[in-house]
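[1] Show me how the following folds:
(chains A and B)
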Amino acid sequence: MASNYGSDQEMERGLREHFAAEAQDLRAPDNLWESIEGRMDLQPTRHPVTQVRRKILGALKQNWFPMMATGGAVAVAASAVFLASRVTQDEFGISGSYAEAAPAAAPPAAPVEKVVVKEVPVERVVAKQVERGATPAPAAAAAPAMPARSMTQPPVPLPTPTTVGVEKVVTREVVVEKVVEKSVQVEASRAAPPAAASAPQAAAPQPAATPAAARPPATTFQDYRRQPFVATAEDAVSTFSLDTDRTSYQLALSWLQEGYEIEPDSVRAEEWINAFDYGYELPADDWGFSVTSDVAMHPLDGNKHLVRIGFQAAEVADDRPLNVTLVLDASGSMGDGNRVDIARSAADAIRQSLRPQDRLAVVHFTEGVIHDLTVEHTSPDASAVQRSIQRLAPHGSTNVQAGLNQGVRLADRIRRERPEAYNYVILMSDGVANVDATNPFAILESAYDGNALNPLRLITIGVGINNYNDVLLEQLAQHGNGWYRYLDNTNQARATFSRDNWLALSTPFADQTRAQVSWDPGLVRSWRIIGYENRVTSDQNFAEDRKEFAEIPSGAATTVFYEIELHDRALARAGQEVTLASVELRWVVAETGQSRSQRTEVRGRLDSSLDATGDPQLQLGAIVALSADRYGGLYDGEYVAEISRDLTNLEDRLRALNTSLGPLGAYQDFRFMLEHMAERARAQAPPAAPTGYSR
Amino acid sequence: MTDDQAVLRCQNGEHEAFRHLVERYKDVLFGTAVLMTGNRAVAEEQVQEALLAAWRGIAGFQSGRPVKPWLVRILVNAVVSQRRRRAVDTVPLETYTHADDRPSPGETVEANLDRQEIREALGGLSRDHRQVVVLRYFADLTVPELAEAIGVREGTVKSRLSRALGQLREQLASGGAREAYSHGQ
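    So this is what the prediction gives:
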């Protein structure tokens, strides 16, 4: 072990010493000067500061003249600053605003982008969000439904505020609907696309440049519209599947760390919320869940309240053996960056975490299954397994369907041989399927598993930044009775599948887990769930055990936030504790297949501010939930000023919470993210209207 | 010749003055590039490109400003541009090191082991975190210079540095998982 670095100062000293030693080995080649001298022009180029100025003036004349004619000096000045930064960025590919700086070496050529907006059939349960998709446009419907506000800052309007006039479809059938997926493909050799590259955003003018202006090329994700406020007079019941994924958060963090923007439509707020540990108490026994609820005044809107409900699964010890089938994507796209290393590390960490009574098989696939590398179920210590994992090497195209089919065949065979074991099929891929079936439902259909009593649990592990298909991996896991994780480096891969983590993750506690919150229409005027857009389901589905509901591993927690608006009669009871809703959970016990349910109430005082709760974890959760929710709204391009204001407010709140939260890595990551999110929103927000006052 | 004098003479087209700057800063630029890209050949190419870009742009350089951060910034832009064109990708940091891990003359075995461990821990950092560590402690930029070099706010630099130091300490102590996330992270 290295010397002791107990404090940051010691670490800094250690690093300086380390780099001083490294510097001895990192001397530039002696002939460096000779290599460049021959390529130097006789005179340094006059730096085009004047050209930049000329461009600004030209652009002002061309595009902003009407504004100069009608707007104030402030607006013109702001636009000049914006144009200056745009010109500087466009010309030199740098993000600073120093016009005197030299150009970046070899500024990237303008990327050639193919914006592909394709329609892909996606099978979805008929649910409330689908029904409400047909409600009138937001701006038209928003005003009448909202009561008069006394606040100086109005709340962010939401897409569809009430369910007034919408018929509720009650069905248990699965329908096929057309959902538009966006895929922006950029020629790999020139990939440096601007943020506004996606099809819907390209049409709208970008008011300002953002600090990290690129989106990862060829990523595929899906925008699920944010849930609206629902009047309890129309519908007082909210039903949704629990969720323990946190991939949307992890992806966003990785994008940002790699210099890309967070795509607003990639944000699934529930996965951001569930990335954090809120320290819920474990249930007293392992029969069910502990359910925690909190009510506080809304931090962004004085007319609303925020409700948090946390579901904490029991930690159970289960000695049942495991049958694990690794399905490894060995296609060419996995050669990008360190994807193969990550997949290999994760696969090997899982292998090492398995116990002697477990069995492990390995399948590699490209355009088909690589039979030479397939290892049927055997002891995790078998050298054939180790060799197969180590030989993961990328080439060829991607046939996820072939790989999964083979994995399911092997898994089904071992399940029949060892019926006492739990069964996991673990797919590691970047999700870029391009041979045979490429949509999740077609793939799942061919890898269908009809055994509900002892199901195959499909875990998807995503790797890679560019050229990544989030939709495929998320949907495969959601409908494959499993869960979805994203890994961005080998350390994280090893940590995620360390023995302790693996033991918890691989011990299923509850299957098909869903919750139903019934609001008291006498107290609550309207409610809105934050996130869970593709987990919300119709109230009638609650009664049924359905495969698409969540699988909850032992000891895992799920948190949900609601924004609610109360009736005046409820507010009159502000000083008392009131019961706002009842909550029911239903699930199938993984070990026995027995269906269970549990009920509790949401109680709380209505006069307590978020800060006054004295619970930093609750405050953090609220900030995470609202930030993710608001930022996701940037995708629509509406209400940008309100979103920007809310994110700035949340950024301030998080800063104020800094001391109570402490220096843990997760909080620092999130601070870093929120800073960027708020900055991007501010950059997109229209310049403030002139007030008539001088500066 | 001071940097200021050299810059002025460069602006008049004197190659020798630029050679002076190159000789003064080539090691720190090359080392930074190696630590950022993990590859000596790529680093050499990027340093050459950056220096040529600096020469082309030196007429616009405001005299009196420090030269090193300016050069480092051009280098960072060169590396990032190149990375975006995907010619350079995430090469593990360890790969730039020597084929053998024998201690350098005068270095104890223990010190050599420390170096290996720190290299590995640096290799485990995200690219952003590694970048700020290298620029701060190897290139010896101040926080404001660093913020300017990578185009982010000083607060962001500080938080990245603090996070990176925390991660390094954690990895060097145990190689453990990230804290505070819900389990399974």
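[2] what ranges do the helices span in chain B?
    When secondary structure is read from DSSP state H, chain B shows helices at B:3-11, B:15-37, B:40-57, B:67-84, B:109-123, B:127-133, B:143-150, B:154-173.
[3] Quickly, which of these bottoms out on average pLDDT?
    Set side by side, the helices of chain B differ in mean pLDDT, and helix B:109-123 is lowest with a mean of 76.
[4] Pull out the buried residues from stretch A:412-431.
    Counting neighbours by 16 or more other C-beta atoms under 10 Å in any protein chain shown, one finds that the buried residues in stretch A:412-431 are A:412, A:414-415, A:418, A:421-431. No exception for glycine: its C-beta is placed from N, CA and C like everyone else's.
[5] ok, stretch A:490-500 near chain B or not?
    Yes - for stretch A:490-500, a contact with chain B is found by C-beta under 8 Å from any C-beta of the partner chain, at A:490-492, A:495-496, A:498.
[6] got JSON lines for those residues, with neighbour count and secondary structure too?
    Listed next are these as JSON lines, based on neighbours: other C-beta atoms under 10 Å in any protein chain shown; DSSP: H, G, I helix; E, B strand; the rest coil:
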{"residue": "A:Thr490", "neighbour count": "20", "secondary structure": "helix"}
{"residue": "A:Asn491", "neighbour count": "23", "secondary structure": "helix"}
{"residue": "A:Gln492", "neighbour count": "22", "secondary structure": "helix"}
{"residue": "A:Ala495", "neighbour count": "21", "secondary structure": "helix"}
{"residue": "A:Thr496", "neighbour count": "23", "secondary structure": "helix"}
{"residue": "A:Ser498", "neighbour count": "17", "secondary structure": "coil"}
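[7] pLDDT added to these, as CSV?
    Putting the residues of stretch A:490-500 next to chain B into CSV (pLDDT from 0 to 100) gives the following:
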residue, pLDDT
A:Thr490, 89
A:Asn491, 87
A:Gln492, 85
A:Ala495, 88
A:Thr496, 88
A:Ser498, 89
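[8] can you tell which of the helices of chain B is closest to A:Gly462?
    If you check each of those against A:Gly462 by C-beta to C-beta, helix B:127-133 wins as the nearest, at 18.3 Å.
[9] just to revisit the earlier point, of the helices of chain B, which is nearest A:Leu306?
    Comparing the helices of chain B by their distance to A:Leu306 (C-beta to C-beta), the top pick is helix B:154-173, with 26.6 Å.
[10] send the alpha carbons of the closest one over as CSV?
    Output for helix B:154-173, consisting of C-alpha atoms alone and laid out as CSV, is shown next (Å, rounded to 0.1, in the frame of the first residue of the first chain):
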residue,chain,number,x,y,z
GLU,B,154,-13.3,28.2,-10.7
GLY,B,155,-15.9,26.6,-8.5
THR,B,156,-16.1,23.7,-10.8
VAL,B,157,-12.3,23.3,-10.8
LYS,B,158,-12.3,23.3,-7.0
SER,B,159,-15.1,20.8,-6.7
ARG,B,160,-13.4,18.5,-9.3
LEU,B,161,-10.1,18.7,-7.5
SER,B,162,-11.6,18.0,-4.2
ARG,B,163,-13.6,15.1,-5.6
ALA,B,164,-10.5,13.8,-7.4
LEU,B,165,-8.3,14.0,-4.2
GLY,B,166,-11.0,12.2,-2.3
GLN,B,167,-11.2,9.4,-4.8
LEU,B,168,-7.5,9.0,-4.9
ARG,B,169,-7.2,8.8,-1.2
GLU,B,170,-10.1,6.4,-1.1
GLN,B,171,-8.5,4.2,-3.8
LEU,B,172,-5.1,4.3,-2.3
ALA,B,173,-6.5,3.4,1.1
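[11] does it come close to chain A?
    Yes - counting by C-beta under 8 Å from any C-beta, contacts between helix B:154-173 and chain A involve B:155-156, B:159-160, B:162-163, B:165-173.
[12] ok, residues contacting that helix?
    Judged by C-beta atoms under 8 Å, 6 or more residues apart in numbering or on different chains, the contacts made with helix B:154-173 from elsewhere in the structure are A:1-2, A:5-6, A:8, A:11-12, A:15, A:491, A:663, A:665, A:668-669, A:671-672, A:675-676, B:117-118, B:120-122, B:124-125, B:128-130, B:132-133, B:136, B:143-144, B:146-147, B:150, B:176, B:179.
[13] how about the strands in the stretch 351-500 of chain A?
    Per DSSP state E, counting those that start in this stretch, the stretch 351-500 of chain A carries strands over the ranges A:359-365, A:375-378, A:422-429, A:456-463, A:484-487.
[14] Out of those strands, which is closest to A:Phe276?
    Nearest to A:Phe276, of all the strands of the stretch 351-500 of chain A, is strand A:484-487, at 15.4 Å by C-beta to C-beta.
[15] Centre of the chain to the closest one, how far?
    With C-alpha atoms, centre = their mean, to the nearest Å as the basis, strand A:484-487 stands 10 Å off its chain's centre.
[16] what pairs with that strand, and is each one parallel or antiparallel?
    Taking DSSP bridges as the criterion, strand A:484-487 pairs within the sheet with strand A:456-463 (parallel).
[17] relative orientation of the strand it pairs with and strand A:422-429 in degrees?
    With axes from the mean of the first three to the mean of the last three C-alpha atoms, to 10 degrees as the basis, strand A:456-463 and strand A:422-429 are set at 30 degrees to each other.
[18] A:Asn467 is nearest to which of the helices of chain B?
    Between A:Asn467 and the helices of chain B, the shortest gap by C-beta to C-beta is with helix B:67-84, which sits at 13.7 Å.
[19] closest point of the stretch 451-600 of chain A to chain B, which residue?
    With C-beta to the nearest C-beta, the shortest gap between the stretch 451-600 of chain A and chain B falls at A:Ala495, namely 3.5 Å.
[20] I figured that residue hits A:Asn501, correct?
    Yes - checked against C-beta atoms under 8 Å, the pair A:Ala495 and A:Asn501 is within contact range at 7.1 Å.
[21] Give me the residue ranges of the stretch 401-550 of chain A where confidence is low.
    Applying pLDDT under 70 to the stretch 401-550 of chain A picks out residues A:434-439, A:445-448, A:450, A:452, A:547.
[22] Tell me how chain A divides into domains.
    Structurally, chain A divides into domains by automatic domain parsing as follows: A:47-107, A:116-315+A:510-684, A:322-506.
[23] residue closest to the middle of the chain?
    You didn't say which chain, so I picked chain A. By C-alpha atoms, centre = their mean, chain A has its centre lying nearest to A:Ser248, at 1.4 Å.
[24] not what I meant, chain B
    Compute the mean C-alpha point of chain B, and by C-alpha atoms, centre = their mean the closest residue is B:Thr32, 3.1 Å away.
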